[in-house]
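Undergrad: this is a predicted model, with the sequence first.
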Amino acid sequence: MRKYILTGIVAIALVSVLIPAATSPAVAQSDNSTEEPSDTEIIDENTRLVSAEYDEEDGEAVVTIESATPQAITVTDAGAFIQGGEVRQRTVTVTPGRSTIRMAVTKVDGYTGVSIATRQTLYAVPIETSADVFAGSATWETVQAGAVGGAFGVIALAGVIAWRMRSGGRSKRRRIS
């Protein structure tokens, strides 16, 4: 009997691993190396946004800029526009290459944001700050993974209950002679 239960559990595990792999979409890859790096956003011809994150501990936005020329960049707290009052601004002179700018920002409803101003462009950068279970909205793959996890929990619990009932309940009584 144990052999059949173990075989069933292994079969369910294999099916649960193979179904999400078969249903996930294929990722197209291009051999074109002339495109811009996909991890940066172009602000203007001299400036790129490399990353923008929110540091929960310090309440600061951490913005990484890549500049082709020396220039002055002004970073503004966009969250302050929703709350009203004085709006924080910070002007930094950056040199060619990557520069990181830290600035205290206002958090509103799980979001914050900054604007980045160069001589030519005013660029808005929304930053999500809420820590959810999922990075974005739940996808079909996350629903499937949750269902498989729940099924394994139910099967394991049923197996433990069946084994305990078969082996005599909570405790075995021994006869002392």
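TA: On my side now, so go ahead. Numbers count the residues shown, from 1 in each chain.
Undergrad: for this protein, what helix or strand is lowest in average pLDDT?
TA: Ranked by mean pLDDT, DSSP states H and E, the weakest helix or strand in the chain is helix 2-23, scoring a mean of 58.
Undergrad: now do the following helix or strand past that one: everything it contacts.
TA: Per DSSP states H and E, the first helix or strand lying C-terminal to helix 2-23 is strand 41-44. Residues from elsewhere that reach strand 41-44, judged by C-beta atoms under 8 Å, 6 or more residues apart in numbering: 36, 48, 49, 65, 116, 118, 120, 121, 123. In this view, the C-beta of every residue, glycine as well, is placed from N, C-alpha and C.
Undergrad: which of those are buried?
TA: Buried members of those, scored by 16 or more other C-beta atoms under 10 Å, are 48, 49, 65, 116, 118, 123.
Undergrad: could you dump the residues you listed to a markdown table with pLDDT, distance to residue 129 and secondary structure?
TA: Output for the buried ones among the contacts of strand 41-44, formatted as a markdown table (pLDDT from 0 to 100; distance: C-beta to C-beta, whole Å; DSSP: H, G, I helix; E, B strand; the rest coil):
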| residue | pLDDT | distance to residue 129 | secondary structure |
| --- | --- | --- | --- |
| 48 | 92 | 23 | strand |
| 49 | 93 | 17 | strand |
| 65 | 93 | 20 | strand |
| 116 | 92 | 18 | strand |
| 118 | 91 | 25 | coil |
| 123 | 91 | 19 | strand |
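Undergrad: quick one: which of these is nearest residue 147?
TA: Of all those, residue 49 has the smallest distance to residue 147: 38.4 Å, by C-beta to C-beta.
Undergrad: okay, now the nearest residue to that closest one once chain neighbours are set aside: neighbour count?
TA: Excluding the flanking residues, the one nearest residue 49 by C-beta to C-beta, 6 or more residues apart in numbering is residue 41, at 4.3 Å. Residue 41 sits with 15 neighbouring residues when counted by other C-beta atoms under 10 Å.
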